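Visitor: I would like the atomic coordinates for the input below:
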Amino acid sequence: PLFQKEKLALKVQAPQLQPTYIPMPEQRSFALAERISLDVIASKRAKFSLWHDGEMLEESSGETQQWKPDYTFSKAGEIALQLRATAAGETATQTLTFFVEPKVSIANLPAGVPAGGVSIDPATGKLVFTLVAPGKSSVALLSSFNEYAAREAYVMNRSIDGTVWWIALDKSLFNGPTPYQFLVDGQLRVADPYSRLVLDPAQDAFLPVNAALPIYPQGKTTGLLSVYAPGMQDYSWKNTNFKAPQVEDLIIYELLLRDFSASGDFQGLQDSIAYLQKLGVNAVELMPIQEFEGNSSWGYNPSFHFAVDKKYGSAAQLKALVDKLHAAGIAVIVDVVFNHAFSQSPFFQLYMDGGAPASDNPWLNRMAMHPFNVGYDFNHESPLTKQFVKDALSYWTTEFKLDGYRFDLSKGFSQRNVGTSDGDVSAWSAYDASRIALWKAYNQHIKSI
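Guide: Have a look, this model is predicted:
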C-alpha cells in the first residue's frame with residue numbers, strides 16, 4: 001500500500017553479487033587467511049552484525065545506515081556468512097556464500113588405479129574417484145554424505161603432473177546407488193565424464209518411473225549427477241562362446257530402438273528376435289545408445305560416452321538383449337559417436353569460453369576441423385582424447401560383449417583443418433595419413449581386446 005511504513009531492507013554493495021547473493025565468478029574463490037571487505041547498506045539506521053554457523057563474528061558499534069566490516073577466512077570449503085540489520089524490532093538478513101580454496105595434497109594415483117571414473121584400489125579395497133582436469137586449482141567430491149557442499153575432508157588430491165584429481169573413500173559411505181558430482185575451482189559443478197548412469201533433473205521426469213533410479217536431491221545441488229551403483233549392472237551371462245560371422249558374411253539390420261518397436265527400448269527389440277531370425281539377418285546394428293541430450297533422439301548428440309541412455313533401459317537390460325541375440329546367432333554392432341560431444345558433456349563444461357570450447361580445452365577443438373561438424377569437435381591428436389576413446393571402447397567391448405562398431409563421421413577425425421570455411425568436401429575427403437594413423441591405432445586397440 002502507498003502509505004505503508006517502509007520496511008527495513010538490506011543491500012550488499014561489495015563484493016559484487018549474482019542474483020543469488022553469491023559473489024561474481026571472478027570474486028567467488030578466496031584463499032585461507034585472506035581478508036575480504038564487505039560493504040552493506042540498510043534502508044534506515046540499524047544495528048549491523050556478521051554471523052557464521054550461529055556465531056556472531058562482529059557487530060557495528062551503534063546504529064548506522066552503512067557498515068564496512070572485514071573478515072578473514074580461517075576455514076576451507078563453502079562458507080556462508082550472514083549479515084543482519086536490526087532496527088526497532090525489525091530484522092533484515094542476507095547470506096553470502098563463498099568458496100575458500102583448501103590446501104591441496106599433491107600425490108599420484110595409487111598403483112593399479114586408472115585415471116578416469118571410479119575404481120577399487122587393489123591394495124586397500126577403497127573406492128577411488130578420479131577426474132582428469134589439468135590446470136584446475138581445486139576439485140572436491142560432492143555427494144549425499146556431505147550434503148553436496150564442499151568439505152575439506154572431500155577435497156581431492158592432485159597428481160604430481162597436475163593432470164589427475166583423485167580421492168580414496170571407504171565403501172561404507174556408499175550403501176546402494178549414490179549420486180555424486182565434482183565441484184571444480186569452487187564454482188563449477190560437473191558430472192563424471194566416465195559416468196555409467198546420469199541423473200538429469202530436467203529430462204528424467206519424462207521417463208517411465210524407475211524404482212532403481214535414485215531420486216535427484218532437489219534443492220541441494222544443481223546440474224547433472226553421476227551415480228555410483230555397485231551391482232546395478234550385474235548380469236549372469238548364459239552365452240559366452242558366441243562367434244560372430246565373418247565380415248564378408250554379415251547381413252546387417254540397422255535400427256533405431258526408439259522407432260523399431262512400440263516400447264522403443266531394449267525389451268522391445270528382445271521381444272522381436274524371432275522376427276529378425278525370419279528375415280534372415282545375422283547382425284543388428286544399434287544406432288547410438290550412449291547417453292544423449294534429451295529423451296528422444298537418433299543418438300548423434302552424445303553427452304556421456306560410457307552411460308547407457310536411460311530411455312532405452314538399463315545396462316543390465318542391454319546385457320540381457322546381447323545375450324539373447326547371441327543365443328539366436330545374431331551379432332551386435334553398435335554405432336558410436338566419438339567425433340563430437342554436446343554441451344552437457346563435462347569435457348565441454350570444464351573448459352569453455354564464450355559458448356565454445358576454450359583454447360586450452362584438452363579434449364575439444366575450439367573450432368571444428370571439418371565442414372560437417374555438429375556439437376563440439378574432439379581433437380583426436382590429443383593424448384587425453386585418445387586415451388578416453390580407448391577406455392570407452394575397452395569398457396563397451398568387455399562389459400557388454402559387443403561384436404563390432406560403426407564409427408560415426410569417421411573422416412571428421414582429421415585434424416588438418418581443411419574444408420571448414422567454404423565446405424570444400426573434396427579437401428576434407430582427401431587422403432590424410434595422420435587420420436589413417438589414428439584409425440589404425442583405434443583398430444589395433446579394439447583387436448587387442
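Visitor: mind listing the helices for this structure?
Guide: 257-260, 266-270, 273-279, 315-327, 346-350, 383-400, 425-429, 433-448 (DSSP state H).
Visitor: any idea of the mean pLDDT in the first one?
Guide: Predicted confidence along helix 257-260 averages 98 (mean pLDDT).
Visitor: Name the residues of it that are buried.
Guide: 257-258, 260 (16 or more other CB atoms under 10 Å). All C-beta spots, glycine's among them, are computed from the backbone N, C-alpha and C.
Visitor: worst average pLDDT in the helices of the chain?
Guide: Out of the helices of the chain, helix 425-429 stands lowest, with a mean of 75 (criterion: mean pLDDT).
Visitor: quick one, phi psi at residue 68?
Guide: Taking degrees, to the nearest 10, you get phi -130, psi 80 for the backbone angles of residue 68.
Visitor: same deal with residue 342?
Guide: phi -110, psi -180.
Visitor: check contacts around it.
Guide: 292-293, 301-303, 348, 375-376 (CB atoms under 8 Å, 6 or more residues apart in numbering).
Visitor: my read: residue 63 touches residue 45, true?
Guide: Yes: here residue 63 reaches residue 45: they are 4.5 Å apart, a contact under CB atoms under 8 Å.
Visitor: Dump the helices of the chain into TSV; add distance to residue 363 as well.
Guide: TSV is the format used below for these (distance: least, CB to CB, whole Å):
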stretch	distance to residue 363
helix 257-260	28
helix 266-270	29
helix 273-279	37
helix 315-327	24
helix 346-350	4
helix 383-400	5
helix 425-429	21
helix 433-448	14
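Visitor: Would you mind finding the most buried of those helices?
Guide: helix 346-350 (a mean of 24; mean count of other CB atoms under 10 Å).
Visitor: circling back to that earlier point, give me the common contacts of residue 63 and residue 45.
Guide: In contact with both residue 63 and residue 45: residue 87, using CB under 8 Å, 6+ apart.
Visitor: Distance check, residue 209 against residue 197.
Guide: Counting by CB to CB, to the nearest Å, the gap between residue 209 and residue 197 amounts to 16 Å.
Visitor: Then residue 9?
Guide: 45 Å.
Visitor: Which strand runs longest in this structure?
Guide: strand 39-52 (DSSP state E).
Visitor: elements contacting that strand?
Guide: With contacts taken as 3 or more CB pairs under 8 Å, 6 or more residues apart in numbering; DSSP states H and E, strand 39-52 sits against strand 10-14, strand 55-59, strand 64-67, strand 77-87, strand 90-101.
Visitor: just to revisit the earlier point, would you mind telling me which of the helices of the chain is nearest residue 113?
Guide: helix 383-400 (13.2 Å; CB to CB).
Visitor: Report the inter-axis angle for that closest one versus helix 433-448.
Guide: Helix 383-400 runs at 30 degrees relative to helix 433-448, counting by axes from the mean of the first three to the mean of the last three CA atoms, to 10 degrees.
Visitor: Off-centre distance for helix 383-400?
Guide: Its chain's C-alpha centre and that of helix 383-400 lie 16 Å apart, by CA atoms, centre = their mean, to the nearest Å.
Visitor: Report the inter-axis angle for it versus helix 315-327.
Guide: Using the same axes, to 10 degrees, helix 383-400 lies at 60 degrees relative to helix 315-327.
Visitor: and helix 383-400, what other elements does it pack with?
Guide: Short answer (3+ CB pairs under 8 Å, 6+ apart): helix 383-400 packs on strand 302-308, helix 315-327, strand 331-336, helix 433-448.
Visitor: Could you export that helix as PDB, CA atoms only?
Guide: Taking C-alpha atoms only, helix 383-400 is exported to PDB below (Å, rounded to 0.1, in the frame of the first residue of the first chain):
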ATOM      1  CA  PRO A 383      46.700 -37.800 -25.900                       C
ATOM      2  CA  LEU A 384      43.800 -37.300 -23.500                       C
ATOM      3  CA  THR A 385      41.200 -37.800 -26.200                       C
ATOM      4  CA  LYS A 386      43.000 -40.900 -27.500                       C
ATOM      5  CA  GLN A 387      43.000 -42.400 -24.000                       C
ATOM      6  CA  PHE A 388      39.400 -41.600 -23.400                       C
ATOM      7  CA  VAL A 389      38.300 -43.200 -26.700                       C
ATOM      8  CA  LYS A 390      40.300 -46.300 -25.900                       C
ATOM      9  CA  ASP A 391      39.000 -46.500 -22.400                       C
ATOM     10  CA  ALA A 392      35.400 -46.300 -23.700                       C
ATOM     11  CA  LEU A 393      36.000 -48.900 -26.400                       C
ATOM     12  CA  SER A 394      37.500 -51.200 -23.800                       C
ATOM     13  CA  TYR A 395      34.500 -50.700 -21.500                       C
ATOM     14  CA  TRP A 396      31.800 -51.400 -24.100                       C
ATOM     15  CA  THR A 397      33.600 -54.400 -25.600                       C
ATOM     16  CA  THR A 398      34.300 -56.200 -22.300                       C
ATOM     17  CA  GLU A 399      31.300 -55.100 -20.300                       C
ATOM     18  CA  PHE A 400      28.600 -55.800 -23.000                       C
END
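Visitor: Next one: residue 428 from residue 252, what distance?
Guide: From residue 428 to residue 252 the distance is 26 Å (CB to CB).
Visitor: Residue 435 now?
Guide: 25 Å.
Visitor: show me the contacts for residue 139.
Guide: So residue 139 contacts 131, 133, 155-156, 158, 165, 182-185 (CB under 8 Å, 6+ apart).
Visitor: shaky segments in the stretch 101-250 of the chain?
Guide: Residue ranges of the stretch 101-250 of the chain with pLDDT under 70: 211.
Visitor: Could I get the contacting residues of the spatially closest residue to residue 188 that is not a sequence neighbour?
Guide: Spatial nearest neighbour of residue 188, chain neighbours left out: residue 349 (6.6 Å); criterion: CB to CB, 6 or more residues apart in numbering. If you count contacts by CB under 8 Å, 6+ apart, residue 349 has them with 188, 190, 343.
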